[in-house]
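> quick one: sequence plus predicted model below, questions after.
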Amino acid sequence: MNNERRVRVRFAPSPTGALHIGGVRTALYNYLFARQHGGDFILRIEDTDSQRFVPGAEDYIMQSLKWCGISIDEGINEGGPHAPYRQSERRDIYLKYALQLVQNGNAYYAFDSAEDLNKLREQAEANGQTFSYDAKVRNSLQTSLNLSEDEVNERINRGDQWVIRFKMPENENVEMDDLIRGHISINTQTLDDKVLYKSADKLPTYHLANIVDDHLMEISHVIRGEEWLPSLPLHYLLYRAFGWESTRPQFAHLPLLLKPQGQGKLSKRDGDKFGFPVFPLEWHPEDGQVAMGYREAGYLPEAFINMLALLGWNPGTEQEIFTMDDLISAFSLEHVSKSGARFNPEKAKWFNQQWLRTTDDKKLAEMIKPLHEAMGINASVERTAEAIALMKDRATFVQDYASLTERMFKRPDSYDEKSVNKFWKVDNVSKLRELRDLLAGESQIVPETTEPKVMDWIKENGYQMGQLMNTLRTAIWGISNGPSIFHICAFIGKEESLARIDQAIATLGEGK
């Protein structure tokens, strides 16, 4: 096989529903591999299973990749030299290749009806066995292997339904290599004769369409999920049957994403049960049961991608925060794990916190502007960015900044009960009045000068700083914890600070 080929990879999802984060990770690893090697990333929609097609799923896939920052070189919208990139639009291509396999003796027609096959399964079960359509039975069933050519043609011409099945070689060891799992050897005695093409809908199955399209699109590397590993022997044999071994792509099968407990594949049900998304974007299926999305939950795409990249891949260093460019430079299939990667929703939150802290304040302000407007806050982006800067390390999700900064623009309409019970005492309120007079004497509140002046005043009078500062914070902020009270006062201004103290005393009284 020529190892000097241009790197060309494809992400080939089926539009049967929302794109699971495991699928996004597959797309990401393909994208990183392609970009690192100066190659091409192709999006191919594999929609040959018409019965499972879900309206809107195709657009959802493309919107998800766009949000994640995964750009497509060739695809449905982008076009390319191997268009079309939607398999249903390529249906006329596949029959030729299926017939080629029949003609060279690597496949055959089978005319068994669904009822015939059900009877065979029932008979096998009655004998404590499992029916397999393989070398043991194919010569005794309604196939072109034991029907005359005239009878085969007669059945086809009169409209009998048929399928083309691959003729699995008998008792042969298939030797394969996987870039993640190493060398693999499987004996064909354990494999059945898979259906490659169905006359009923004039469409190929995944196995045939996948191989033909990868060949015609000059795919150099197939990076896909572990669930396709059992299909690898058939795919190797199909490349051989077509005479395409010299251009067969290299394969890499990615580990599963596991539940937080570590047992079993991560599913939507796990997200519903534990309250975290398993889809990149919110999904609105026809049944009306909206599924959570990372975007709508307040995750930044950079954090989402960073988190996903490290689920199954280890950079070999202690580094955890990666930009997309960092990932492109560092990624390698050699460091992808063979074993499943356990999803940790708390770690996902941690990644988002880290990325929020490094995100430009104005960008965050623009993101929460609609939320602020719904709260009745119409501050400018610049002013909101200043408020966010004071809350930078306190948010986990984007929308947290809307609630965290609300009191920067609106006076408290209630006061935290625990804070009031603990600090709103007669003695504290009396000292708060003195502090109010001190602040009123300032031309403006500036943390660098006002805070030292207040601290000196507290010390000179022998007051308890913690008691007085928390009483002030309760009056200004509505609760005794939060960012620096002097920075809050500077942001809202001297007059608003005094007005909030007056409002708190009027509302809560002179203390208990």
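Structure's in. What do you need? Residues are numbered from 1 along each chain as shown.
> can you give me the strands for the stretch 1-150 of the chain?
Taking DSSP state E, counting those that start in this stretch to define them, one finds strands in the stretch 1-150 of the chain at 8-11, 40-43, 107-110.
> of those, which stretch is the most buried?
Among these, the stretch with the highest mean neighbour count (mean count of other C-beta atoms under 10 Å) is strand 8-11, at a mean of 26. Yep, even glycine has a C-beta here, placed from its N, CA and C like the rest.
> what is the rounded mean pLDDT of it?
Computed over strand 8-11, the mean pLDDT rounds to 98.
> for it, packing partners?
When contacts are defined as 3 or more C-beta pairs under 8 Å, 6 or more residues apart in numbering; DSSP states H and E, strand 8-11 sits against helix 21-36, strand 40-43, strand 221-225.
> ok, the nearest residue to F41 once chain neighbours are set aside to S71 distance?
Spatial nearest neighbour of F41, chain neighbours left out: A34 (4.3 Å); criterion: C-beta to C-beta, 6 or more residues apart in numbering. Per C-beta to C-beta, to the nearest Å, A34 is found 10 Å from S71.
> next one: N127
Note on N127: its distance to S71, by C-beta to C-beta, is 55 Å.
> who's more crowded, those two?
Between N127 and S71, counting by other C-beta atoms under 10 Å, S71 is the more crowded of the two (13 against 9).
> shaky segments in this structure?
Across the chain, the ranges flagged by pLDDT under 70 are 1-3.
> let's see 90
1-5, 47-55, 88, 201, 203, 261-263, 268-275, 284-290, 481-482, 510-512 (pLDDT under 90).
> endpoints of stretch 352-363, how far apart?
Distance between the boundary residues of stretch 352-363 (C-alpha to C-alpha, to the nearest Å) amounts to 15 Å.
> oh, I was asking about stretch 473-489
This stretch, stretch 473-489, spans 10 Å end to end (C-alpha to C-alpha).
> how about stretch 386-402?
End-to-end span of stretch 386-402 (C-alpha to C-alpha): 13 Å.
> who's in contact with that stretch?
Outside stretch 386-402, the residues that touch it by C-beta atoms under 8 Å, 6 or more residues apart in numbering are 297-300, 349, 352-353, 356-357, 361, 364-365, 367-368, 371-372, 375, 379, 404-405, 408-409, 483-484, 487-488, 491.
> residues of it that come out buried?
Across stretch 386-402, burial judged by 16 or more other C-beta atoms under 10 Å covers 386-388, 390-392, 394-395, 397-398, 400-402.
> quick one: the helices in the stretch 201-350 of the chain?
With DSSP state H, counting those that start in this stretch as the criterion, the stretch 201-350 of the chain has helices at 206-216, 232-242, 268-274, 301-309, 324-330, 345-358.
> summarise which helices and strands the longest one is packed against.
If I follow you right, that is helix 345-358. Using 3+ C-beta pairs under 8 Å, 6+ apart, helix 345-358 sits against helix 301-309.
> the helix it packs on packs against which elements?
Counting by 3+ C-beta pairs under 8 Å, 6+ apart, the packing neighbours recorded for helix 301-309 are helix 21-36, helix 57-68, helix 324-330, helix 345-358.
> show me what contacts the closest residue to E282 other than its chain neighbours?
Of all residues not flanking E282 in the chain, G293 sits nearest, at 3.6 Å (C-beta to C-beta, 6+ apart). By C-beta under 8 Å, 6+ apart, G293 lies in contact with P277, F279, P280, L281, E282, W283.
> tell me which of those is nearest to E510?
P277 (49.1 Å; C-beta to C-beta).
> if we can go back for a sec, report the beta-bridge partners for the residue nearest to E282.
Counting by DSSP bridges, G293 is bridged to F279.
> relative to P13, how far out is it?
Using C-beta to C-beta, one gets 16 Å for the distance from G293 to P13.
> do the same with H215
20 Å.
> what about those two, which has more around it?
Between H215 and P13, counted using other C-beta under 10 Å, P13 has the larger neighbour count: 24 against 17.
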